[in-house]
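# Sequence first, then the predicted structure, then my questions.
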Amino acid sequence: MNISLVGQTALVTGATQGIGRAIALALAAAGARVWINHLHQPEAAGALVAEIEAAGGSAVALAADVAVAEQVAAMFEQIVAAGSLDILVNNAGIILEKAFIDTDEEDWARVLGVDLGGVYRCCRHALRHMQEQGSGSIVNIASELGLLGRERYAAYCTAKAGVIGLTKSLAREFAPAIRINGVAPGPVDTPMVSVDCMSAEMIARETAIPAGRLGRPEEIAAAVLFLVSPQASFFHGQMLGANGGAWMGS
Ligand SMILES: NC(=O)c1ccc[n+]([C@@H]2O[C@H](COP(=O)([O-])OP(=O)(O)OC[C@H]3O[C@@H](n4cnc5c(N)ncnc54)[C@H](O)[C@@H]3O)[C@@H](O)[C@H]2O)c1
């Protein structure tokens, strides 16, 4: 499938590593100009911009914490001042492995604030702009865990289930001019799936799926690229399950 995003501008949140980085590279390779949002990672963001430019693409780095309303507002002010925004990919996320009883108010607010609040904030700003523009496409990165649930991941699973509900609600509210979809990845080989973020037991469990392996960030980026493309023009409110068979529900 030959996908062209030439002439379009995209924002990818949390784009300096893992899945976000692969998404930014895929969108840029398809011809989109890409805003690379990052949180305190100016060097990685700069390196990614340089990599995209070296390949003939166009990108700009932009710092903002998606959990902070003022920073998100400032980020969108800068984007809109520079021109149109056609594509938003809400990718930024954090994970927390903790027994539910030990998950305190602060943990809950932090995970929900980034993983669901960040999507809410960015969607609100983008949708105001896209509504005026009369077009646009948004892809929210949820997780198979938002569908399955998992012990010791209640805050993360709740946030990702919220992302799925938000995606479907917004898809109905803003159709047909704006298409809003999501990807609910299975386990993917990124810094998030490492002993820094997860117990060794959970990492081992991640590969006990029909695919028998972790996914690659590029496999998630391919699903995102399709959803934002003109070829996905009949997709509204869908969650693509690039998950190695971890979840086979509808
Ligand atoms: N890796 C997996 O197995 C997997 C599975 C399902 C879903 N996901 C989701 O995919 C997305 C990307 O995950 P990943 O695996 O690449 O993880 P990652 O940890 O490698 O990357 C996450 C990125 O988000 C950024 N980020 C975190 N908090 C932020 C904030 N407040 N503001 C702006 N940026 C912030 C980080 O700096 C980082 O660049 C996340 O939403 C994650 O929940 C990952």
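Yes, it's here. Values in this document were obtained by computation on a predicted structure and should not be read as measured data.
# Tell me the residues of this protein that contact the ligand?
Taking Cβ under 6 Å from any ligand atom as the criterion, the neighbours of the ligand within the chain are 13-14, 16-20, 37, 39, 41, 65-67, 91-94, 114, 118, 141, 143, 185, 187-188, 190-193. Every residue, glycine included, has its C-beta placed from N, CA and C.
# and Ala126, what helix or strand is that in?
Following DSSP states H and E, the helix or strand that holds Ala126 is helix 117-133.
# same deal with Trp35?
When elements are defined using DSSP H and E, Trp35 is found to belong to strand 33-38.
# With adjacent residues omitted, what lies nearest to Met94?
One thing to correct before we go on: residue 94 is Ile, not Met. When the adjacent residues along the chain are set aside, Ile94 lies closest to Val114, with 5.0 Å between them (Cβ to Cβ, 6 or more residues apart in numbering).
# I figured that neighbour was touching Ile95, is that so?
No: in this structure, Val114 is not within contact of Ile95 by Cβ atoms under 8 Å, at 9.9 Å.
# which one of these two has more residues nearby?
Comparing Val114 with Ile95 by neighbour count (other Cβ atoms under 10 Å), the higher total belongs to Val114, at 22 against 19.
# For the residue nearest to Ile94, give me its contacts.
Taking Cβ atoms under 8 Å, 6 or more residues apart in numbering, we find Val114 in contact with 66-67, 92-94, 159.
# and if you look at Asp115?
Applying Cβ under 8 Å, 6+ apart, the residues contacting Asp115 are 93-94, 156, 159-160, 162-163.
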